[in-house]
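> what's the 3D shape of this:
(chains A, B, C, D, E and F)
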Number of protein chains: 4
Amino acid sequence: MPKLGAEPIRKAALINAAIATVGRAGSLDVTVAQIAREAGMSSALAHHYFGSKERIFLAAMRHILTQYGTSTRTALRGAGTPQDRLRAIVGASFDSANFERETIAAWLNFYALALVEPEAARLLRVYHRRLSSNLLVALRPLAGAGAERIARTLGALIDGLYLRAALSNEADAAAAERTTLDYLEKVLP
Amino acid sequence: MPKLGAEPIRKAALINAAIATVGRAGSLDVTVAQIAREAGMSSALAHHYFGSKERIFLAAMRHILTQYGTSTRTALRGAGTPQDRLRAIVGASFDSANFERETIAAWLNFYALALVEPEAARLLRVYHRRLSSNLLVALRPLAGAGAERIARTLGALIDGLYLRAALSNEADAAAAERTTLDYLEKVLP
Amino acid sequence: MPKLGAEPIRKAALINAAIATVGRAGSLDVTVAQIAREAGMSSALAHHYFGSKERIFLAAMRHILTQYGTSTRTALRGAGTPQDRLRAIVGASFDSANFERETIAAWLNFYALALVEPEAARLLRVYHRRLSSNLLVALRPLAGAGAERIARTLGALIDGLYLRAALSNEADAAAAERTTLDYLEKVLP
Amino acid sequence: MPKLGAEPIRKAALINAAIATVGRAGSLDVTVAQIAREAGMSSALAHHYFGSKERIFLAAMRHILTQYGTSTRTALRGAGTPQDRLRAIVGASFDSANFERETIAAWLNFYALALVEPEAARLLRVYHRRLSSNLLVALRPLAGAGAERIARTLGALIDGLYLRAALSNEADAAAAERTTLDYLEKVLP
DNA sequence: AATGAATGAGGATTCATTCAT
DNA sequence: GATGAATGAATCCTCATTCAT
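I've put the predicted structure just below:
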């Protein structure tokens, strides 16, 4: 009695397992068997659904970025003023759900994957562009011509804070958010 | 062939080869044989001198951080005013020697190693603390109580710019430096 | 190919192959690949089932000792008098099945393993104790207080004959058995 | 200033080191480097003197057997009656100098070497023959036609006691000697 | 005589991946 | 759909041995 719609469920389980396993290991050097065990299935089945380890990683990365995109979009829905929009974007970035140490560690490792895997690089570029564009829309009314540079700085700052959070023992989302907002206050008129 | 005193020469060659190989591959997933070939020797000799692959990586990381520390110290020597000191530190960070894509890629991967390897984490903490302390010395006369936060922001910003440079096709050191200095101008009275 | 329940079959094949390979080589210095080839499978599968070379050896040793224990027990079943029991034990020891040169060579090498491997030492102690206890039960009615010493002597004598058989070109089970029984005749009233 | 006569000194040091190292390790699986370090020299020098690891082992084995032969001969010198001769031979076998656990372990391992190395087997045969002949000379006046069998039994018994001593935690030379002499008393008229 | 330097060969172990059931 | 079985390929590491000095 094969369950109906087993595929999406299994795939989702594997994606979550991949993120958890990589996050816990702190490295992409995890075996398909480990991921599959974490997902409660055989490694053969993992291959059946994804075809290769690489594809599991890419799907996991896509999932992380999609999730981030969704949470940003949701946060933006209630934002009226440009200031609200900025705060929403920053808030989504440091949402505690994305800011647990293990998640960040997975994230950092998938980031490094982009150095090796063109598709991972592509995904990252999409995310960067989207974040940039969101920031620009909010910044332009406030900073005019300076918006571009502020957006670039902001993006780098957020990534840098993530990076350091990945290495600290307890990642402090609130502090990271405050640092970012503080920058914005200083830099906007 | 067995010149006396080969050890330091061979070790240095291996360290450089490790950085180059990891940088080119974009990943720590390189074999000792690759590193050794790049260094012009057998993998057995690499093991003879370092004992393990891990130790080669740690030595390479130590080398990168030491080099960075040295270039910072050198740059600081000629700096009189606090502003000069800040510019010297930032300049050393984005020195073109440290800012080739491959070097950054190696750097990013060694960064990720710290998630897994306690000794790598320790090295990184030392570097962070030293950078932070250098920045504070320069910032305190300029920003007083706000120095702490600015230093933290600056550190994260530099790391974030590195991260993004690692992923872009041509890393633009000058642009990264300008972004950083621009932040400082805005944030300092 | 993947018949269900392959595990016990494969494990048994590997155990026999290990004994044969070690016996033929006359040394524990055999590769897992050799054992696996002898057993008709890849070395990877051997590792899959046993985890390590050491574990293969221990299983082989356990097998040899178990087999010896079983043949002793079987022989004892039909033995009525103490004299019969003694003859049964000695007969089982020099049973031609256990007394082929290759088997003895394997045995000797596993013996040496006990110097290095605590688990192998434990197995051997169990075997020694059991043999000793079997001998004592049979000797006490015949030798009373002297039973202990005779048992000890008998055990050493059997081991010594094995040792020499391992080194002679054709191991002569009958002669070894005769030597042992002769000792018993002389020493028992 | 090369020391005169360094060669025999170095060789002797290596032989002793080989016995000690093998005895301590409980296995022939020791490296030339370990033996050389124990002997206080480089592994290259060990090769210079012996040519190969195998040859070191053979020399060590030869040394053990020669030493045993010498101690037997010495003991026999003061022996007048056949009974004295027997006691001398047995006494030499269980001399406390040859009966330390490490020495026995080395001995057992060199024994196993004979399964693999024809020259080692030859050495062992020589030793067996010599022991046998010594025993026969002493036994013939006491046991006549039965001398052969007793000699064979005695040889096996001694080896068996060695074997068991190698595996026990504290080898008890006195007990082993008593067991052997006790056998002789029982078996001789 | 003595050694550091150097390497080729080899071996245990791991793992992604395939396949029959 | 699901999995146990199976393996080829790869990798780290070790070590006996050689050689120039």
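
> could you see whether chain B lies near the host helix or strand of A:Arg37?
According to DSSP states H and E, A:Arg37 maps onto helix A:32-38. No - Helix A:32-38 lies out of reach of chain B by CB under 8 Å from any CB of the partner chain, never closer than 14.5 Å. Where C-beta positions appear, they are placed from N, C-alpha and C, glycine not excepted.

> list the buried residues for that helix?
Within helix A:32-38, the residues that count as buried by 16 or more other CB atoms under 10 Å in any protein chain shown are A:Val32, A:Gln34, A:Ile35, A:Ala36, A:Glu38.

> same question, stretch A:140-153
Using 16+ other CB under 10 Å as the test for burial, stretch A:140-153 gives A:Arg140, A:Leu142, A:Ala143, A:Gly146, A:Ala147, A:Arg149, A:Ile150, A:Ala151, A:Arg152, A:Thr153.

> got a markdown table for the buried residues of helix A:32-38, with pLDDT and distance to D:Leu161 too?
Formatted as a markdown table, these follow (pLDDT from 0 to 100; distance: CB to CB, whole Å):
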| residue | pLDDT | distance to D:Leu161 |
| --- | --- | --- |
| A:Val32 | 97 | 55 |
| A:Gln34 | 97 | 52 |
| A:Ile35 | 97 | 57 |
| A:Ala36 | 97 | 56 |
| A:Glu38 | 96 | 56 |
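
> neighbouring contacts of stretch A:106-117?
A:19-20, A:22-23, A:26-28, A:54, A:57-58, A:60-61, A:64, A:98, A:120-121, A:123-124, A:162-163, A:166, B:25-27, B:105, B:108-109, B:111-112, B:115, B:163, B:166-167 (CB atoms under 8 Å, 6 or more residues apart in numbering or on different chains).

> which helix or strand in chain A has the lowest average pLDDT?
Lowest by mean pLDDT, DSSP states H and E among the helices and strands of chain A is helix A:101-113, with a mean of 88.

> tell me which helix or strand comes right after it.
Next element after helix A:101-113 (DSSP H and E): helix A:118-143.

> that next one near DNA strand E anywhere?
No - Helix A:118-143 lies apart from DNA strand E when judged by CB under 7 Å from any atom of the strand; the minimum separation is 14.3 Å.

> orientation of that helix relative to helix A:101-113 in degrees?
110 degrees (axes from the mean of the first three to the mean of the last three CA atoms, to 10 degrees).

> packing partners for helix A:118-143?
helix A:53-77, helix A:82-93, helix A:101-113, helix A:147-167, helix B:147-167 (3 or more CB pairs under 8 Å, 6 or more residues apart in numbering or on different chains; DSSP states H and E).

> nearest residue to A:Tyr162 other than its sequence neighbours?
A:Ile104 (5.8 Å; CB to CB, 6 or more residues apart in numbering or on different chains).

> so who does the closest residue to A:Glu148 other than its chain neighbours touch?
Distances taken as CB to CB, 6+ apart place A:Leu136 nearest to A:Glu148, at 7.1 Å, with adjacent residues excluded. Taking CB under 8 Å, 6+ apart, we find A:Leu136 in contact with A:Ala147, A:Glu148, A:Ala151.

> from A:Ile89, how far off is A:Leu136?
According to CB to CB, to the nearest Å, A:Leu136 stands 11 Å off from A:Ile89.

> max pairwise distance over the buried residues of helix A:32-38: which two?
Farthest-apart pair in those is A:Val32 and A:Glu38; separation 10.7 Å (CB to CB).

> excluding its backbone neighbours, what's nearest A:Gly160?
Nearest one to A:Gly160, counting by CB to CB, 6+ apart, is B:Gly160 at 2.9 Å.

> just checking, that neighbour touches A:Leu154?
No - checked against CB atoms under 8 Å, the pair B:Gly160 and A:Leu154 is beyond contact range at 9.4 Å.

> pLDDT below threshold where in chain A?
Confidence mapping of chain A against pLDDT under 70 gives the ranges A:1-4.

> name the residues of it found near DNA strand F, please.
Residues of chain A lying near DNA strand F (CB under 7 Å from any atom of the strand): A:Pro2, A:Lys3, A:Ala6, A:Glu7, A:Arg10, A:Met41, A:Ser42, A:Ser43, A:Ala44, A:Leu45, A:His48.

> what residue in chain A comes nearest to DNA strand F?
Per CB to the nearest atom of the strand, A:Ala44 is where chain A lies closest to DNA strand F, at 2.9 Å.

> name the element that residue belongs to?
Assigned by DSSP H and E, A:Ala44 falls in helix A:43-50.

> tell me what angle that helix forms with helix A:53-77.
Going by the same axes, to 10 degrees, helix A:43-50 makes 60 degrees with helix A:53-77.
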